[in-house]
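>>> Coordinates only, no sequence provided:
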Ligand code: HEM
């Protein structure tokens with residue numbers, strides 16, 4: 001197996017052709033082997049695990065044989081990764097649980113899981129419903145809306161800010177700076193600084209006046225000021241964008257799939273079925289969890305060289321024909337890798353499910369006669385390697 005370099009010309013997993021039909025690309029790659037060299041973003045090379053067995057092998061053997069810490073990324077160390085590369089933004093080291101291995105990861109992750117475990121799901125349902133209603137009120141009288149821009153995108157961010165117990169001013173600063181960061185414009189560094197200062201202010205506030213919210217629980221877990229800021233940022237970044245994507249694809253599924261259309265409104269098939277199927281077919285995070293081989297390794301005849309990122313394709317693994325899960329048997333089947341697996345698996349799948357289900361139910365309840373305003377075939381995926389999602393979801397009601 002060749003190392004994934006420019007000369008070898010590995011296939012791209014970015015750009016318009018890829019986003020138009022990622023599963024066609026995954027099928028072609030899987031025909032070449034379980035783990036294949038790819039171009040992750042322009043000028044950034046690595047491997048992609050495309051079979052279910054390979055994905056599980058990597059995730060289950062982290063951190064014993066594979067590291068998450070990007071200190072192992074040779075191209076980054078050598079200054080070969082373009083400064084403005086989307087891969088750099090998503091894969092560079094940060095001081096939080098996502099990028100740590102071993103005891104350091106365990107300590108930071110424990111603080112997160114302990115804090116999230118205290119979230120009262122009944123209160124969460126009420127919070128999501130309240131936020132959903134507020135958003136729907138802004139367009140309910142129009143008879144039409146874009147449910148991505150006006151609903152699926154803002155709802156999870158506002159929900160997470162509520163979970164953190166952010167007062168309005170700090171919450172608005174966080175929302176504003178996160179959207180500037182995602183635009184990746186010239187003021188990204190300033191947006192990052194603004195975001196960090198809002199998180200720090202929130203920490204100070206909760207230290208003085210703790211209440212029953214995620215920020216106060218994280219403080220009880222004994223995180224330092226710097227760890228608090230990075231952990232709040234991690235949770236916001238890990239929670240909001242994938243949940244937005246999930247709600248968007250979920251709404252599309254119930255509006256277009258004949259096995260759901262009508263029946264979800266009637267309560268015959270639960271919304272949760274539609275959402276679980278999407279975690280198989282359109283996982284919000286299709287490719288991520290960059291790992292680094294600790295020493296030369298082999299997997300099913302593939303040689304894995306240290307120093308290169310190996311991304312796990314959750315989307316390709318879920319679609320692996322070797323799994324033999326027929327599309328009809330996917331609802332209620334949680335064998336997918338939509339929330340990853342192993343030590344870095346998503347610590348909040350139940351919270352994600354509660355947010356997405358409540359958001360779908362609220363939209364269907366509040367918008368009678370909800371239907372797509374354009375043919376399903378006109379809907380487009382956002383371009384991108386790491387985060388899936390629809391560009392828009394125009395509806396009438
Ligand atoms: C449908 C929505 C969601 C999906 C599909 C999803 C999926 C994932 C995936 C695939 C990972 C592994 C990433 C990697 O290892 O590189 C992950 C990690 C993580 N997720 Fe989620 N997630 C969702 C919602 C949430 C929510 C609501 C929260 C918190 C409230 C959350 C918090 C986290 C955190 C903190 C991590 C890092 C865990 C670690 O590294 O130990 N996620 N998520």
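Structure received. Because the structure is a prediction, the values reported are computed rather than measured.
>>> Show me what from this protein comes close to the ligand.
Proximity of the chain to the ligand, by C-beta under 6 Å from any ligand atom, involves residues 97-98, 109, 112, 116, 234-235, 238-239, 242-243, 246, 283-285, 288-289, 314, 338-340, 344, 346-348, 351-352, 356. Placement of C-beta: from N, CA and C, glycine included.
>>> Those, buried ones only, as a PyMOL selection?
Per 16 or more other C-beta atoms under 10 Å, the buried members of these correspond to this PyMOL selection:
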select buried, resi 97+98+109+112+116+234+235+238+239+242+243+246+283+284+285+288+289+314+338+339+340+344+346+347+348+351+352+356
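>>> taking the residues of the chain next to the ligand one by one, which sit in helices?
In helices, judged by DSSP state H, the following of the residues of the chain next to the ligand are found: 109, 112, 116, 234-235, 238-239, 242-243, 246, 314, 351-352, 356.
>>> how about CSV for the residues you listed, with pLDDT added?
Listed next are these as CSV, based on pLDDT from 0 to 100:
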residue, pLDDT
109, 98
112, 98
116, 97
234, 94
235, 95
238, 93
239, 95
242, 95
243, 97
246, 97
314, 98
351, 98
352, 98
356, 98
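>>> Show me where the stretch 1-150 of the chain has its helices.
15-20, 22-32, 52-60, 74-77, 86-91, 102-117, 121-137 (DSSP state H, counting those that start in this stretch).
>>> what angle do the third one and helix 22-32 make?
To tie it back to what came earlier, the one meant is helix 52-60. 90 degrees (axes from the mean of the first three to the mean of the last three C-alpha atoms, to 10 degrees).
>>> counting contacts, what elements does helix 52-60 pack onto?
Judged by 3 or more C-beta pairs under 8 Å, 6 or more residues apart in numbering; DSSP states H and E, helix 52-60 is in contact with strand 44-49, strand 287-293, strand 310-313, helix 314-318.
>>> Now do the longest one: distance to the chain's middle.
By that I understand strand 287-293. 14 Å (C-alpha atoms, centre = their mean, to the nearest Å).
>>> residues touching the nearest residue to residue 349 once chain neighbours are set aside, list them.
Counting by C-beta to C-beta, 6 or more residues apart in numbering, residue 339 is the residue found nearest to residue 349 once chain neighbours are left out, at 4.5 Å. By C-beta atoms under 8 Å, 6 or more residues apart in numbering, the contact list for residue 339 reads 279, 345-346, 349, 352.
>>> what does residue 52 give?
Residue 52 neighbours (C-beta under 8 Å, 6+ apart): 317-318, 320, 322-323, 337.
>>> Greatest separation within the residues you listed: which pair is it?
The largest separation in those, counting by C-beta to C-beta, is between 322 and 337 at 13.6 Å.
>>> Can you show me the helices along the stretch 151-300 of the chain?
154-163, 168-183, 188-208, 214-220, 225-256, 263-266, 271-281.
>>> Make TSV from the ones you listed and add distance to residue 136 to it.
Putting these into TSV (distance: least, C-beta to C-beta, whole Å) gives the following:
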stretch	distance to residue 136
helix 154-163	10
helix 168-183	18
helix 188-208	27
helix 214-220	25
helix 225-256	12
helix 263-266	16
helix 271-281	16
